[in-house]
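> Quick one, structure for this:
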Amino acid sequence: MATNDAAFAGSIPELYDRLMVPLIFDSYARDMALRVAAVRPRRILETATGTGAVTRAMTAAMPDAAFVATDLNQAMLDRAQAQHPDAQRVRWQQADALALPFEDASFDTVVCQFGAMFFPDRVKGYGEARRVLKDGGAFLFSVWDRIEDNEFADVVTEALARMFPDDPPRFLARTPHGYHDGERIRSELQAAGFRDISIDAVDAVSDAASPRDAAVAYCHGTPLRNEIEARAPGELVRATDAATQALAERFGTGSVSGRIRALMIRASA
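Just a heads-up that it's a prediction; the model follows:
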């Protein structure tokens, strides 16, 4: 993983929350909240909270549970707290998922939506989740399936590859969609001490009001922006135009819909 793949800074947190969350994250946040609620947790740790899509869904679904929401990026956590309608119910704390500042067996559930792909050492990250879980506790997390099963991301990536043929921006394929091998995930969880591992593929639909909205979401609201600007300073608009055109050619010029697929994983401590 490139060193700037986890760099959600500058204007990215606001754009990510405003554009990317409704585009691809909200439906999976609701799904995750239902899965977490089913295990009836009392104390929940969320890692890689991002801008709080899952936090909002979980607090709505579990009014009596206690929550600690963490993220490596303080800017993302600040956005999450500002957007939460009941922020005082959550303890917000900057933390590295690979070095959690919590005592052993502190939580009965750990949750991580679309964050494990960014871990530089996943066995270590899973080991930290296992350490802070009580025996018998649940670790629930999600990752994106391969990019070919996530149509908007695939089309944007191919459009930018045509624009930058000598050095195509591969953030989306490399990181968000680069960790989808079920056997690898299972093996790394087992190496961290987890058992009773289940992996479910969940399909959904990504909707945008226009191809431009989807293109701006990906090109401006994710670290893909960093890759574009590193290759061609001042060409972010042209890259967004290229992504818009490719999406319009594939899905039409009005409101657009594309397939998305994620893997929902549960493991027991």
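
> ok, which stretches of the chain are helices?
Ranges of helices within the chain are 12-15, 26-38, 53-61, 74-83, 122-132, 151-163, 171-174, 182-191, 211-220, 224-231, 236-251, based on DSSP state H.

> Mind giving me the packing neighbours of the fourth one?
Looking back up the chat, that one is helix 74-83. Secondary-structure packing of helix 74-83 (3 or more C-beta pairs under 8 Å, 6 or more residues apart in numbering; DSSP states H and E): helix 12-15, strand 66-71, strand 90-94. Yep, even glycine has a C-beta here, placed from its N, CA and C like the rest.

> Show me what the first one is packed up against.
The one in question is helix 12-15. So helix 12-15, by 3+ C-beta pairs under 8 Å, 6+ apart, packs with helix 74-83, helix 211-220.

> which parts of that helix are buried?
By neighbour count with 16 or more other C-beta atoms under 10 Å, helix 12-15 contains the buried residues 12, 13, 15.

> what's the offset of it from the middle of its chain?
14 Å (C-alpha atoms, centre = their mean, to the nearest Å).

> what sits up against that helix?
51, 73, 75-76, 78-79, 216-217, 220-223, 225 (C-beta atoms under 8 Å, 6 or more residues apart in numbering).

> By neighbour count, which of the residues you listed wins?
residue 51 (28 neighbours; other C-beta atoms under 10 Å).

> Report the separation between the spatially closest residue to it that is not a sequence neighbour and residue 160.
The spatially closest residue to residue 51, leaving aside those adjacent along the chain, is residue 17, at 3.8 Å (C-beta to C-beta, 6 or more residues apart in numbering). Taking C-beta to C-beta, to the nearest Å as the measure, residue 17 falls 23 Å from residue 160.

> Among the two, which residue is more densely surrounded?
Comparing residue 17 with residue 160 by neighbour count (other C-beta under 10 Å), the higher total belongs to residue 160, at 26 against 21.

> which residues touch the more buried one?
Here residue 160 is in contact with 168, 169, 224, 228, 239, 242, 243 (C-beta under 8 Å, 6+ apart).

> Pull the contacting residues for the residue most central in space within the chain.
Nearest residue to the geometric centre of the chain (C-alpha atoms, centre = their mean): residue 114, 2.8 Å. Going by C-beta under 8 Å, 6+ apart, residue 114 touches 25, 28, 48, 50, 142, 143, 144, 176, 262.

> and with 7 Å instead?
142, 143, 144 (C-beta atoms under 7 Å, 6 or more residues apart in numbering).

> Mind putting those residues into JSON lines with neighbour count and distance to residue 153?
Below are the contacts of residue 114 laid out as JSON lines (neighbours: other C-beta atoms under 10 Å; distance: C-beta to C-beta, whole Å):
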{"residue": "142", "neighbour count": "25", "distance to residue 153": "15"}
{"residue": "143", "neighbour count": "24", "distance to residue 153": "13"}
{"residue": "144", "neighbour count": "23", "distance to residue 153": "8"}
